[in-house]
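Peer 1: need a 3D model of the following:
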Amino acid sequence: MLFYIETFVRDLCVRHQCPPEVLDFIETHESYRVSGDNCKGEGGDFILESKNRAIKKLLPSGLPDDAAWQRATRNVKRVNKVRRIQDCHTCMSFIF
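Peer 2: Next up is the predicted model:
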């Protein structure tokens, strides 16, 4: 966690000290990556929407209560891991 705080503070310092032209360039061209692939930079809003969509898939239909939101957000990583394993086993069953 300390690494992220340090990175955040360093980014704030750079943005505060750089000339307006450089700040405009940074804000226009910044992107994030969650896949680990250097060629797949995505905007922060796209990444958040993707995460939000994954959580909403776990919610029951209708208006979810606070408990449903908590269950979905706490278990989204585990459910996605199980889905990846299941997909892998499904692919293997077609091969053999």
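Peer 1: chain center to the longest helix along the chain: distance?
Peer 2: In the chain, assigned by DSSP state H, the helix with the most residues is helix 66-95. From the chain centre to the centre of helix 66-95 is a distance of 16 Å (C-alpha atoms, centre = their mean, to the nearest Å).
Peer 1: that one packs against which elements?
Peer 2: In terms of contacts (3 or more C-beta pairs under 8 Å, 6 or more residues apart in numbering; DSSP states H and E), helix 66-95 is packed against helix 44-56. In short, each C-beta sits where N, CA and C put it, glycine included.
Peer 1: contacts for the helix it packs on?
Peer 2: Residues from elsewhere that reach helix 44-56, judged by C-beta atoms under 8 Å, 6 or more residues apart in numbering: 31-32, 34, 69, 72-73, 76, 80.
Peer 1: return the set of buried residues in it.
Peer 2: Ala54 (16 or more other C-beta atoms under 10 Å).
Peer 1: repeat that for stretch 72-91.
Peer 2: 72, 76.
Peer 1: what's the average pLDDT for it?
Peer 2: Per-residue pLDDT values over stretch 72-91 give a mean of 81.
Peer 1: equivalent analysis for stretch 9-23, please.
Peer 2: Along stretch 9-23, the predicted local confidence has a mean pLDDT of 91.
Peer 1: contacts for it, please.
Peer 2: Here stretch 9-23 makes contact (C-beta under 8 Å, 6+ apart) with Ile26.
Peer 1: and the end-to-end length of it?
Peer 2: In stretch 9-23, first residue to last residue: 16 Å (C-alpha to C-alpha, to the nearest Å).
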